[in-house]
Every structure is written in structure tokens, then in C-alpha cells.
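Q: Model the following, please.
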Amino acid sequence: MKRISNNGSLKQIFFDQAINLFWTALSFYPVILLWFRLGMNNWFYLMLGASLIVVFLPRKILDRFQLSDKARQYEKWGVRIIRKMVQGGDWARAAGVTQHKKKVNNASQARQYLNTIAMYERFHWFCLVFFLLSSIYGFLLGNTSLAIWVMTANLLYNGCPILLQQYNRLRIQKMLRYS
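A: Got it, this is the predicted structure:
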């Protein structure tokens, strides 16, 4: 298949977007269902606004949420398992969908990749806060089973990617220090 960019083929882009769509649909379904059942009221907008604050936090504040400064710790927490199931991950490479193993080959690409990681991380922090507030609201209104479902989706859709992004950031920063 003809390559359309330095980053991959049409097949790879389609596969990556299919993975994104799958995880997004699976994870947002319980949140949407919760708000559909509870009704979108002022609490919805308040929680959405509170979640948006995270997007605009300075990098120094977000860095305080780094769970460890050792890549090995993230590996103990299972980040390599998470890496198998994401776009461009181990399973995509094994299936021959992703044609390159390394996204970063030099310092310039490393800095660019750090910016990409930061963007994804902010998105997942925003969703993590919104899902968390939504599940708390669900618990308070007695919708326990749906609130638990939202919390589970939150862990999978936001907690796992944040761990992976923090792990990748540590690895890239280490590479930059030694280049």
C-alpha cells in the first residue's frame, strides 16, 4: 500500500482510528447513559467546566501528578500490557499494520513526540476528572451500578493511557538527556 506520510500507511491510519473508536465508544457509553438517565442539568455543565480546568493547567502542575520517576515502576504496574492494546501498539506491529517500531529517531522527533504526549495526556486528565465527577454524582443519586460502570470505564479509558503517557514521557526524556 502506498505510504501517505512519514508516519504510516492508510491501513495503519484506519487501524489506529478503529482502535480509538472502539475504546472511545466502549468507555463513553456508560457516561452518556448516566447523564441520559439523570438528565443533563446544571451539575453536568459544572462538572464539565471543572474538568476543563485541567486542560489549562501549567505543565509544572501536571508534572506533580507523575506517579513515578522510574520507568521500571510503570512496567511493574503493567504498562507493557496497556501498550499492546493501543494505536500503534505491540498487537498492531505484530499484525503488520504498523510498519515502524520507533516513533522517535532523533532529538527533534523526541521533542515533537513529547508535545503529542502532553496533548493526549491533557485530554485523558480532562476525561478522568469528568468521569470521576460523573460517577460520584451517580453514586450520590443512587445509581450505583451505572456509577461503578463509569468508574471502570474511567480506569480503562483514562487511567491506563495516563500511565502509558507518563511512562513514554520518562523514556523520551531519558533519551534526550543522553543525546
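Q: could you point out the longest helix in this structure?
A: helix 107-140 (DSSP state H).
Q: Who are the packing partners of the helix or strand that that helix is followed by?
A: Using DSSP states H and E, the next helix or strand after helix 107-140 towards the C-terminus is helix 144-154. In this structure, helix 144-154 makes packing contacts with helix 10-38, helix 107-140, judged by 3 or more C-beta pairs under 8 Å, 6 or more residues apart in numbering; DSSP states H and E. From N, CA and C alone the C-beta is placed, and that goes for glycine too.
Q: Pull out the buried positions in helix 144-154.
A: Neighbour-count burial for helix 144-154 flags 146-147, 149-151, 153-154 (criterion: 16 or more other C-beta atoms under 10 Å).
Q: where does this protein dip in pLDDT?
A: By pLDDT under 70, the weakly predicted segments of the chain are 1-8, 88-103, 179.
Q: again, only using 80
A: 1-9, 11-13, 15-16, 84-105, 179 (pLDDT under 80).
Q: returning to what we had before: now render the buried residues of helix 144-154 as TSV, adding distance to residue 28.
A: Converted to TSV, the buried residues of helix 144-154 look like this (distance: C-beta to C-beta, whole Å):
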residue	distance to residue 28
146	13
147	15
149	12
150	10
151	14
153	8
154	11
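Q: what's the farthest-apart pair in those residues?
A: Greatest spacing in these, by C-beta to C-beta: 146 and 154 (12.5 Å).
Q: center of this structure - which residue?
A: The chain has residue 161 as the residue nearest its centroid, 3.4 Å off, counting by C-alpha atoms, centre = their mean.
Q: That residue against residue 85, yeah?
A: No - between residue 161 and residue 85 there is no contact under C-beta atoms under 8 Å: 10.2 Å.
Q: related to what we said a few turns ago, how about the helices and strands packed on helix 144-154, which one is nearest residue 47?
A: Residue 47 lies closest to helix 107-140 among those, at 4.1 Å (C-beta to C-beta).
Q: Distance from the closest one to the middle of the chain?
A: Distance of helix 107-140 from the chain centroid (C-alpha atoms, centre = their mean, to the nearest Å) equals 6 Å.
Q: re earlier: list the buried ones in the longest helix of the chain?
A: For helix 107-140, burial by neighbour count (16+ other C-beta under 10 Å) applies to 110, 113-114, 117, 121-135, 137-138.
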